[in-house]
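*Asks:* Quick one, what's the 3D model for this:
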Amino acid sequence: MERTIHWEDFEVGQTRPYGPLVVTREAIIEFARQWDPQPFHLEDAAAAGSLFGRLAASGWHTCAMTMRMLCDAYLLRSASLGSPGVENLRWLQPVYAGDTLSGSLTVLEARASESRPAMGLVRSRWVTVNQLGQPVLTMEGWGMFRRRAAAD
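*Replies:* Numbers count the residues shown, from 1 in each chain. Prediction:
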């Protein structure tokens, strides 16, 4: 696959949409079984007695679903070199089976790397929302991308 999106393609203030992704009961339980086996992510009765009121996706599952949408929207077509991490991660609303997630990434900062001239850094804010437009996740972080000049 040709990598068509490079560091130069990220301008401060630019937004990139991602999604949609429909959340299934099966996916919630499968993720929880493997990675976050708390009862309110696995069992209806436990979830009913929790703050969620019904079976809810793990916040980590919401992060993973957001990552998948980002990959599908643009990352798999980019000259991504990875990320040093995320900051300010917040889970704002529960995610339930049947919810449809989508969102947008906003570029907050873009700068060339001083130590690695072939690389540029992009700081972004991601906001994932449910079908009602309610934010369910926000996070900020840096991405590292190959510079177009370095690819030529």
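
*Asks:* In terms of helices and strands, where is Arg16?
*Replies:* Using DSSP states H and E, Arg16 sits within strand 15-22.

*Asks:* Could you tell me which strands sit next to that strand in the sheet, and their orientation?
*Replies:* strand 100-112 (antiparallel) (DSSP bridges).

*Asks:* Disregarding residues adjacent in the polypeptide, which is nearest to the residue nearest the centre of the chain?
*Replies:* The centre of the chain sits closest to Thr66, judged by Cα atoms, centre = their mean, with a distance of 3.0 Å. Excluding its sequence neighbours, the residue lying closest to Thr66 (Cβ to Cβ, 6 or more residues apart in numbering) is Thr128, at 4.8 Å. For glycine as for every other residue, the C-beta is placed from the backbone atoms N, C-alpha and C.

*Asks:* who's that neighbour bridged to?
*Replies:* Gly103, Leu137.

*Asks:* one step back: hmm, Leu137 and the residue nearest to the centre of the chain touching each other?
*Replies:* Yes: taking Cβ atoms under 8 Å as the definition, Thr66 is a contact partner of Leu137 at 5.9 Å.

*Asks:* Now list whatever residues contact both of these two.
*Replies:* Gly103, Trp126, Thr128 (Cβ atoms under 8 Å, 6 or more residues apart in numbering).
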